[in-house]
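Peer 1: Generate a structure from the sequence data that follows.
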Amino acid sequence: MPSSRESQSDPRSQAARKTEQRASQSLPGPAFSSHRPRRLRRTAGIRRMVRETQLTVEHLIYPLFVEEGISEARPIDSMPGVSRLSPAIAAEKAAHAHELGIPSVLLFGIPEHKDARGSESFAADGVVQQAVRSIKERVPEIVVITDVCLCEYSDHGHCGVLNRDREPHPNASLPNDYLLNDETLAVLQQIALSHAGAGAEIVAPSGMIDGMVGAIRSTLDQHGFTECSIMSYAIKYASAFYGPFREAADGAPRFGDRRTHQMDPGNAREAVREAELDRREGADFLMVKPALAYLDVLYRIKTEIPELPLVAYNVSGEFSMLRAAGDAGYLDAAAAQWEVLTAIRRAGADLIITYAAPEIAEMLLTHG
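Peer 2: This is a model prediction of the structure:
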């Protein structure tokens, strides 16, 4: 048996000991090997199983622009893939949406004639009223939501009655172009009543007029439309992301802006107050608009008022900037759109209004 001295002097024994030492040092410890989050990302099937935020076709609402006096779709330059539609074509689009599993459409109207008080907005044969009837006749199962506002119908492009048009005379303490609150409420009541009478299941006041939910709720109830829901634009910011919509709906203000009624982008506490007021007045849904730049507000409203369904409007500017980037080859627009909508859901939205609804629905049907 070799002595201890011989063993230490044997170069082969020394090499063996060094190899063993290196091997033991390179082995991962148990703490490392027990934490491998990548196991849950290994395959597409596993990733789907553990996905925390689901985006499905049932979460989508498809907005449509309906124009009076046209017979063919009119493409909107600033919104690639979106067009103004006649009531009949809108019914076809709604039927296609229903086939894809999209549960609801939201209608915006562009009339042939405008006036200071937006009187075409509540006409029995108005363009939205025609579209509601056409859609419900073609596909009665789809839920029809209607925008209740005056900007598309007024010749000045503002969301209500201006002081200069106040009857019998203007309020001397206010500027002529100031948007009057209570006089506007009276018109919004007429619009909502007209839309409910045409068959809309949900009316959506969008002007951020104080008391709009309560005024509309009382009018609907008094006329027997107690089951018609109100989807309130409870939190609508004075945003730069509305530009393409204003072309699409021909609703840009001819002068001034909307900062006396739409919210300041810097405010979040005010958003909670607005949402709570609308909840108390009888809103069935609350909405945050825009969505992408206000994910923190979505989260805050969902946390503060979890009992009501929360809607997010993925607005025209958010939609068009992705399309433009995709057309320029900067990114995959479809994949980016899916990612944006998932982020909106993750922030707390139960429903999302998006112009990309058909494309997203087809993507979900194809890829899951």
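Peer 1: phi, psi of the most centrally placed residue in the chain?
Peer 2: Centroid check for the chain by CA atoms, centre = their mean gives Y313 as the closest residue, at 1.7 Å. When read as degrees, to the nearest 10, the backbone of Y313 gives phi -100, psi 110.
Peer 1: Verify the contact between it and L292 for me.
Peer 2: No. Using CB atoms under 8 Å, Y313 makes no contact with L292, being 10.0 Å away. Every residue, glycine included, has its C-beta placed from N, CA and C.
Peer 1: now the stretch 1-150 of the chain, which segments are flagged as low pLDDT?
Peer 2: 1-33 (pLDDT under 70).
Peer 1: just the helices in it please.
Peer 2: 4-9, 11-26, 30-33, 44-50, 87-100, 127-138 (DSSP state H, counting those that start in this stretch).
Peer 1: Distance from the fourth one to the middle of the chain?
Peer 2: Which is helix 44-50. Its chain's C-alpha centre and that of helix 44-50 lie 27 Å apart, by CA atoms, centre = their mean, to the nearest Å.
Peer 1: Next, the buried residues of it.
Peer 2: Within helix 44-50, no residue is scored as buried using 16 or more other CB atoms under 10 Å.
Peer 1: How much space separates R74 from S86?
Peer 2: Using CB to CB, to the nearest Å, we find R74 at a distance of 9 Å from S86.
Peer 1: now swap in L277 and tell me
Peer 2: 38 Å.
Peer 1: Looking at the two, which one has more neighbours?
Peer 2: S86 (21 against 16; other CB atoms under 10 Å).
Peer 1: got a list of what the more buried one touches?
Peer 2: By CB atoms under 8 Å, 6 or more residues apart in numbering, the contact set of S86 is V66, E67, I70, S71, E72, A73.
Peer 1: in terms of contact, does the third one touch R84 like I think?
Peer 2: Yes. Contact between I70 and R84 holds when scored by CB under 8 Å: they sit 6.7 Å apart.
Peer 1: So for those two, which residue has more residues nearby?
Peer 2: Using other CB under 10 Å as the criterion, I70 and R84 rank with R84 on top: 22 against 17.
Peer 1: Quick check: beta-bridge partners of that one?
Peer 2: F65, R74 (DSSP bridges).
Peer 1: what sits against it?
Peer 2: F65, V66, E67, I70, A73, R74, I76, I110, A248.
Peer 1: pretty sure the third one is touching R74, no?
Peer 2: Yes. Counting by CB under 8 Å, E67 touches R74, with 6.8 Å between them.
Peer 1: tell me the helices in the stretch 201-350 of the chain, going along the chain?
Peer 2: So, for the stretch 201-350 of the chain - with DSSP H, counting those that start in this stretch - the helices run 212-222, 243-248, 269-281, 295-304, 316-327, 333-347.
Peer 1: Kindly reformat the ones you listed as JSON lines containing mean pLDDT and distance to H35.
Peer 2: Formatted as JSON lines, these follow (pLDDT from 0 to 100; distance: least, CB to CB, whole Å):
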{"stretch": "helix 212-222", "mean pLDDT": "98", "distance to H35": "50"}
{"stretch": "helix 243-248", "mean pLDDT": "88", "distance to H35": "47"}
{"stretch": "helix 269-281", "mean pLDDT": "98", "distance to H35": "39"}
{"stretch": "helix 295-304", "mean pLDDT": "98", "distance to H35": "29"}
{"stretch": "helix 316-327", "mean pLDDT": "96", "distance to H35": "36"}
{"stretch": "helix 333-347", "mean pLDDT": "97", "distance to H35": "24"}
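Peer 1: Rebuild those as JSON lines, extending it with distance to L55.
Peer 2: Supplementary listing: the helices of the stretch 201-350 of the chain in JSON lines, determined by distance: least, CB to CB, whole Å:
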{"stretch": "helix 212-222", "distance to L55": "28"}
{"stretch": "helix 243-248", "distance to L55": "23"}
{"stretch": "helix 269-281", "distance to L55": "23"}
{"stretch": "helix 295-304", "distance to L55": "14"}
{"stretch": "helix 316-327", "distance to L55": "16"}
{"stretch": "helix 333-347", "distance to L55": "5"}
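Peer 1: which parts of stretch 128-137 are buried?
Peer 2: V128, Q129, Q130, A131, V132, R133, S134, I135, K136.
Peer 1: what does stretch 232-251 give?
Peer 2: Those would be 232-237, 239, 241-242, 244-251, for stretch 232-251 by 16+ other CB under 10 Å.
Peer 1: Among those residues, which ones are in strands?
Peer 2: Counting by DSSP state E, the buried residues of stretch 232-251 place S232, Y233, A234, I235, K236 in strands.
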